[in-house]
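>>> Just a sequence and a predicted model for now, questions to come.
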Protein chains: 2
Amino acid sequence: MYVCDMKLEEARDKFIQAWGTLGSKWGINRTMAQVHALLLISPEPLSAEDIMSQLNISRGNANMNVRALIDWGIVYKELKPGERREFFVAEKDIWEVAKRISIERRRRELEPIIRILGQVKEVEETHEEAEEFTAMIGTLEKFSTKADKALERMVKADEHWFFGTFTKLLK
Amino acid sequence: MYVCDMKLEEARDKFIQAWGTLGSKWGINRTMAQVHALLLISPEPLSAEDIMSQLNISRGNANMNVRALIDWGIVYKELKPGERREFFVAEKDIWEVAKRISIERRRRELEPIIRILGQVKEVEETHEEAEEFTAMIGTLEKFSTKADKALERMVKADEHWFFGTFTKLLK
DNA sequence: ACTTTCTTTCAGAAAATTTTGAAAGTTTAG
DNA sequence: CTAAACTTTCAAAATTTTCTGAAAGAAAGT
């Protein structure tokens, strides 16, 4: 093994590790984030076997997390001609990745809470105590809806979706 | 127990539950989010005891999570004259809450990854393989830095806008 | 149809995170 | 100083999440 390879491997590992940690702080599991990191920095498509051996994880785990990444739309299956097995590549356009993640999280997390706020706001208004409660729920609902709309606009806008609308978010 | 109280309690519970679930999807633990929800919809400051009994959690757990919320700057200690024990109130201005959360997450999560990307980019450039790697790391670094700056600007821009409405929201 | 090669599933195991509760620490009052 | 009233800490227990690996499923070649 060459000295220079060592350095590159070290850097790769460090990056994969860090990306995994970041992911786990954002409600994405560590391994899923690591698989994503590995695919991001791999110039060539990787097979399930590659992912398993490079990250030291089981077949089932690798499969589950690759599938989840495909669900999120940030990893693609790739078939090589003359090869039976599947290979995987990450979406390399980071803006696209961020966009897809924001779409997914909006759908999975923001929308459910908005729905529940709507339900909960319909509590009987016959008590004084309820007034403060519904006022807060109303505020939260307004906020969530605004955030939701802002995200939606962001995603619909083109190339500069992020900056064009992100800075306007709170105005 | 009155029928109308039931309905309000139901709604409160449902909201607390939902907020807890949301939190757990965002890397905030369920109980911490529930304590936050409870304080958000409580017109009066609550004591540790109140939180323990309303959420059915232990003293240690209540204390730990209240402290974490205080660290995040979205819950405050409040001392009542003539009372020995401490009471807690949530920041009721949702924009302020969102701002504080974005400040905290930027500091705790975005900054560390930017630091690591910087380190990792300094890998030896003597191999062809390394080129693709450093290119991707560079892209990620640029993206993260931009996101970081955007968040910073957002928070700063908000400060101006925010002062106008600040006083009237504090009752 | 059968074999080979690869993918998916899922129940149980392992790991990580969260919670508890009792003990230790702190503060205030007398 | 001592007791009373709270708050904080932390090791062990409970819970939740994640991972494994063997078995079942699918697809392609012969």
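Cool, the structure landed. Numbers count the residues shown, from 1 in each chain, chains lettered A, B, ... in the order given.
>>> three-state assignment of the residue in chain A sticking out farthest from the centre?
Relative to the centre of chain A, and counting by Cα atoms, centre = their mean, the farthest-placed residue is residue A:126 at 42.6 Å. The assignment at residue A:126 comes out as coil when based on DSSP: H, G, I helix; E, B strand; the rest coil.
>>> Now do the phi/psi pair for it.
Reported as degrees, to the nearest 10, the phi and psi values for residue A:126 are phi -90, psi -10.
>>> just residue A:26 next, same as before
According to degrees, to the nearest 10, residue A:26 has phi -120, psi 20.
>>> Am I right that it is in contact with residue B:28?
No: applying Cβ atoms under 8 Å, one finds residue A:26 not in contact with residue B:28, separated by 10.6 Å. Placement of C-beta: from N, CA and C, glycine included.
>>> Which residue ranges of chain A form strands?
For chain A, the strands defined by DSSP state E cover A:46-47, A:75-79, A:86-90.
>>> Burial-wise, tell me which of the ones you listed comes out on top.
Across the strands of chain A, the average number of neighbours (mean count of other Cβ atoms under 10 Å in any protein chain shown) peaks for strand A:46-47, which reaches a mean of 20.
>>> That one pairs with which strands, and in what direction?
When sheet partners are counted by DSSP bridges, strand A:46-47 sits next to strand A:86-90 (antiparallel).
>>> For DNA strand D, what's its nearest residue on chain A.
Residue nearest to DNA strand D within chain A (Cβ to the nearest atom of the strand): residue A:60, separated by 1.9 Å.
>>> what about that residue, neighbour count?
Counted with other Cβ atoms under 10 Å in any protein chain shown, residues neighbouring residue A:60 total 9.
>>> on that earlier part again, can you lay out the strands of chain A as TSV showing distance to DNA strand D and mean pLDDT?
Compiled in TSV, these are given as follows (distance: least, Cβ to the nearest atom of the strand, whole Å; pLDDT from 0 to 100):
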stretch	distance to DNA strand D	mean pLDDT
strand A:46-47	14	97
strand A:75-79	8	96
strand A:86-90	10	97
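>>> So which of those is nearest DNA strand C?
Closest of the strands of chain A to DNA strand C is strand A:86-90, at 3.5 Å (criterion: Cβ to the nearest atom of the strand).
>>> Give me the angle between that closest one and strand A:75-79.
140 degrees (axes from the mean of the first three to the mean of the last three Cα atoms, to 10 degrees).
>>> if I look at the most centrally placed residue in chain A, how far off is residue A:37?
Closest residue to the average C-alpha location of chain A: residue A:101 at 3.9 Å, with Cα atoms, centre = their mean. Look at residue A:101 and residue A:37: by Cβ to Cβ, to the nearest Å, they are 14 Å apart.
>>> Also residue A:71?
Taken as Cβ to Cβ, the span from residue A:71 to residue A:37 is 18 Å.
>>> higher neighbour count, these two?
Legend: neighbour count by other Cβ under 10 Å for residue A:71 and residue A:37, higher for residue A:37 (24 against 10).
>>> tell me the pLDDT at that one?
Residue A:37 carries a pLDDT value of 98.
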